[in-house]
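K.L.:
any chance you could fold what I've pasted below:
(one chain, ligands or ions: 2)
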Amino acid sequence: MMYNNRCESKFKCYKPKEGISINKPLIEVKHVRKVYRMGDEKVVALDDISLDIYRGEVVCFLGKSGSGKSTFLNMVAGLEKPTKGEIIIGGVPLHKLNEEQVTMFRQKNIGFIFQSYNLLPMLTTLENVSYPLILRGMDKKERIKRTLRSIEEVGLKGYEERKPSQMSGGQQQRVGIARALVVEPKIIFADEPTGNLDTKTTEVIMKIMLDKVKSNNQTLIIVSHDSTIAEYADRIVTIQDGNILSIEKNENIRTPQTEDVLGDTKKLEN
Ligand SMILES: Nc1ncnc2c1ncn2[C@@H]1O[C@H](COP(=O)(O)OP(=O)(O)O)[C@@H](O)[C@H]1O
Ligand SMILES: [Mg+2]
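P.N.:
Ligands and ions are numbered 1, 2, ... in the order given. This is a model prediction of the structure:
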């Protein structure tokens, strides 16, 4: 077997060979198609999608509900397999990995942020954020250290023992971001991360995500139906009926206009 369980370390060690441009894309999507079968009916969620994404980019996939955004994101994040086509991340062809290998690859390299936060309701902030580190078998001392740092970075110091139901939507999404970033993934996927939040909280959440991603040179792929979110991205890919309608470089990138993040938490507390 060419790709053993150490595929993720292959990714970590990935260096362009001599002669290959260092501008090689981090993510290559080649003619990806996804057809769902429901009884006799076929739903073409993605028709034929090809594009490259580069390290350090913030790319927004913009499209109406049902256009195939979530399907696309799940496919690139290795949560689902395409019907046809190839997805290659850091030289590793995801479609050739078995389920266990994909899981390991994801745990090490990918963070996912969800619209509805997907926190475990019985767990505290501390427990939710440290969960990915437990899956990776990190020892307790290091795990707690990294978890506390991650919680502080999203402005939730003092909220370590709260359960999701004891926090606002914006605070829950901060926990979701801390959990996605605690493993220091190379790529972060966010599916409508501010879909349940008001404009002001959206701005704060975008600031937290963008500050972290840019300072760590991580790659952020965000999908949204909201064109305001696209304004923060380096590139905007418009999706329609499972195909790419356009790809534009954003010449006028918006910076989140908000007071400092920690101050905002204080206000929410009062
Ligand atoms: N698991 C599934 N089974 C059948 N159809 C699906 C499934 N997931 C998505 N679809 C269909 O695929 C299309 C694209 O869906 P989706 O990717 O969720 O769009 P978006 O995220 O842009 O709203 C829709 O027509 C949707 O109904
Ligand atoms: Mg969706």
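
K.L.:
how near is residue 257 to ligand 1?
P.N.:
28 Å (CB to the nearest ligand atom, to the nearest Å). (Each C-beta comes from the backbone N, C-alpha and C, glycine too.)

K.L.:
then residue 41?
P.N.:
9 Å.

K.L.:
who does that residue form a beta bridge with?
P.N.:
On the basis of DSSP bridges, residue 41 is bridged to residue 38.

K.L.:
try the one 5 residues further on
P.N.:
Residue 46 has the following beta-bridge partners by DSSP bridges: residue 34.

K.L.:
ok, it - contacts?
P.N.:
The neighbours of residue 46, taking CB atoms under 8 Å, 6 or more residues apart in numbering as the test, are 32-34, 68, 71-72, 75, 82, 242-243.

K.L.:
kindly report the same for residue 120.
P.N.:
Residue 120 neighbours (CB under 8 Å, 6+ apart): 127-128, 131, 164.

K.L.:
can you report how many residues neighbour the nearest residue in space to residue 45 that is not next to it in sequence?
P.N.:
Spatial nearest neighbour of residue 45, excluding adjacent residues (CB to CB, 6 or more residues apart in numbering): residue 71 at 4.1 Å. Residues near residue 71, counting by other CB atoms under 10 Å, number 23.

K.L.:
for residue 71, give me its contacts.
P.N.:
34, 45-46, 80, 242.

K.L.:
so where does it fall, helix or strand?
P.N.:
helix 69-76 (DSSP states H and E).

K.L.:
go through that helix and flag the buried ones.
P.N.:
For helix 69-76, the neighbour count (16 or more other CB atoms under 10 Å) marks 69-76 as buried.

K.L.:
quick one: the helices in the stretch 151-270 of the chain?
P.N.:
169-181, 199-215, 227-230, 261-269 (DSSP state H, counting those that start in this stretch).

K.L.:
looking at these, which has the lowest confidence?
P.N.:
When the helices of the stretch 151-270 of the chain are ranked by mean pLDDT, helix 261-269 comes last with a mean of 52.

K.L.:
work out the gap between stretch 37-50 and the centre of the chain.
P.N.:
Taking the mean of its C-alpha atoms, stretch 37-50 sits 24 Å from the chain's own mean (CA atoms, centre = their mean, to the nearest Å).

K.L.:
what mean pLDDT does it get?
P.N.:
On average, stretch 37-50 scores 96.

K.L.:
CA-only coordinates of it in CSV, if you can.
P.N.:
Only the C-alpha atoms of stretch 37-50 are listed here, as CSV (Å, rounded to 0.1, in the frame of the first residue of the first chain):
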residue,chain,number,x,y,z
ARG,A,37,-29.0,8.6,-4.8
MET,A,38,-32.4,8.7,-3.1
GLY,A,39,-34.3,5.6,-4.2
ASP,A,40,-34.6,6.0,-8.0
GLU,A,41,-33.8,9.7,-7.9
LYS,A,42,-30.4,11.2,-8.5
VAL,A,43,-29.4,14.5,-7.0
VAL,A,44,-26.3,16.1,-8.6
ALA,A,45,-25.0,18.1,-5.7
LEU,A,46,-21.7,18.9,-7.4
ASP,A,47,-21.4,18.7,-11.2
ASP,A,48,-17.8,19.3,-12.1
ILE,A,49,-15.6,21.4,-9.8
SER,A,50,-12.0,22.1,-10.4
